[in-house]
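Visitor: how does the following fold in three dimensions:
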Amino acid sequence: MSSSQHPVAYRLERQVGGATKLLATVMGLPLVDGIFPAMVLAGALSSPVGIIQVGLLVFGGSATVAVILAEMDGTPREQATSVLAVGVVLIAIAGIEAAFAPTIASALKMETFERFAALVIAAIAAKTASARIGEVLPSPGVIIGFGLLASLQPSGFEVKAIEATQILPAVAAAGTGVAFALAIALTSPWLRGIVDIDRFRFGSAVALGVLPLSILGFAPGRAPLAVLAVTSMLALDPGEHVPDDLDDAHANASADVPAESTPADGTAVTDGGENAELTEGEDSSAAYGYPGEEDGDERRPWL
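Guide: Numbers count the residues shown, from 1 in each chain. Next up, the predicted model:
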C-alpha cells in the first residue's frame, strides 16, 4: 500500500484491482469467510454494545481505515459515494445471513461452536497484527469449517421462521461499520495528516483479540470497545506531520535569507563561529564576553 503495509489489505490489493473493489473485498470478507455468521450464532450481537463492537472491529477495522486513507483517491464526497455503494450491498447480505442463522444454529451444539468462533476471531486479530503470523495460521474459513464439523448435531435440525428481531441486530452491526467507514472517508484529508495507520492497526488487533474473551465471558463485555477507544487516541500523532503550506513557507524564508551578508560599512557579519572575522580593533575575547589578555587571562574564549 502507498502509506501502510497492512497485511490483510496488502494481500488483497495484489488480487483485486481498484480502490473501491479493494474496499468492498475488505469490508465484505467477514460475510464470505464465515466470521460474521459465526459471531451471530455465538450471540455477539445480543446487546447494543456487542452490535457496536462487531460493527467497528469486524466491518470497520484497521484494514478499512488503511484502504480509505492510503488507497482511495478523489474528494471526500467521491470517497463517501464509493463507501455508500459498498455499504448498501454489505448491509443487505448481512441481513440475509442473519435471517438463516437460527436455522443453522438448530443443527449445531452452540457451546462447542462458540469456542471455534472465538478462535477464528483470535486468528484474525493475529493476522491483522503480523503478516508473518498470518502465513502460519490457517484461514478463518478452515477454522469455521472444523467448528461446524465438531459441533454438528443433525438430529436437532429445524427450519426456523424468519423474524425481524433476528435481522435488525445484524443490519445495525453492518450499518455501524459502514457509518464508521463513511466518517473516515469524509474526514480523510484531515486524518491523513494526524493518524499513524500502523499504530492503529496494531491497537485494533489487540481490541479484536479481546473480543473473543468477552464472548466466552473471560473479559467484560465493553472491554474491546474500551481498547479500541484508547487505540484511536494513541494513533493520533499530529506532531510528526507538518502541513505542506508551512513547509513551503520555511523553504521560501530560507531561500530569501543569504548565508552571509555585508553591511554598508564593510564589516563582515557571520554566524559567530570560531572562524568568524571580527571588526577592526575588536578584541576576540570581548566579542565572546570573556575577559581578555589585558585582564591577565590568556585563555581562549572557547576554553
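
Visitor: and the closest residue to Leu31 other than its chain neighbours, what element?
Guide: In this structure, Leu31 finds its nearest non-sequential neighbour in Ile93, 5.2 Å apart by C-beta to C-beta, 6 or more residues apart in numbering. All C-beta atoms are positioned from the backbone trio N, CA, C, and that covers glycine. Secondary structure assignment for Ile93, by DSSP states H and E: helix 76-105.

Visitor: what residues of that helix count as buried?
Guide: 76, 79-80, 82-83, 86-87, 90-91, 93-95, 97-99, 101-102, 104-105 (16 or more other C-beta atoms under 10 Å).

Visitor: what does the helix or strand just after that helix rub up against?
Guide: Counting by DSSP H and E, the element after helix 76-105 in chain order, helix or strand, is helix 110-129. With contacts defined as C-beta atoms under 8 Å, 6 or more residues apart in numbering, helix 110-129 is touched by 6-8, 34-35, 38-39, 41-44, 61-63, 133-134, 137-138, 140, 143-144, 146-148, 150-151, 201-202, 204-206, 208-209, 211-213, 215-216.

Visitor: gap between helix 110-129 and the chain center?
Guide: In this view, helix 110-129 has its centroid 20 Å away from the chain centroid, taken as C-alpha atoms, centre = their mean, to the nearest Å.

Visitor: now the helix or strand following it: mean pLDDT?
Guide: Downstream of helix 110-129, the first helix or strand assigned by DSSP H and E is helix 131-136. For helix 131-136, mean pLDDT is 75.

Visitor: same check on stretch 100-114?
Guide: 86.

Visitor: just stretch 199-207 next, same as before
Guide: 85.

Visitor: rewinding a little: determine the set of other helices and strands touching the helix holding Ile93.
Guide: Here helix 76-105 touches helix 19-32, helix 35-41, helix 164-186, helix 188-194, going by 3 or more C-beta pairs under 8 Å, 6 or more residues apart in numbering; DSSP states H and E.

Visitor: that older thread, show me the contacts of helix 110-129 that map onto helices.
Guide: In helices, defined here by DSSP state H, the members of the contacts of helix 110-129 are 7-8, 35, 38-39, 41, 61-63, 133-134, 140, 143-144, 146-148, 150-151, 201-202, 204-206, 208-209, 211-213, 215.

Visitor: now the contacts of helix 110-129: which count as buried?
Guide: With burial judged by 16+ other C-beta under 10 Å, the buried subset of these is 6-8, 34-35, 38-39, 41-42, 44, 61-63, 134, 137, 140, 143-144, 147-148, 151, 201-202, 204-206, 208-209, 211-213, 215.
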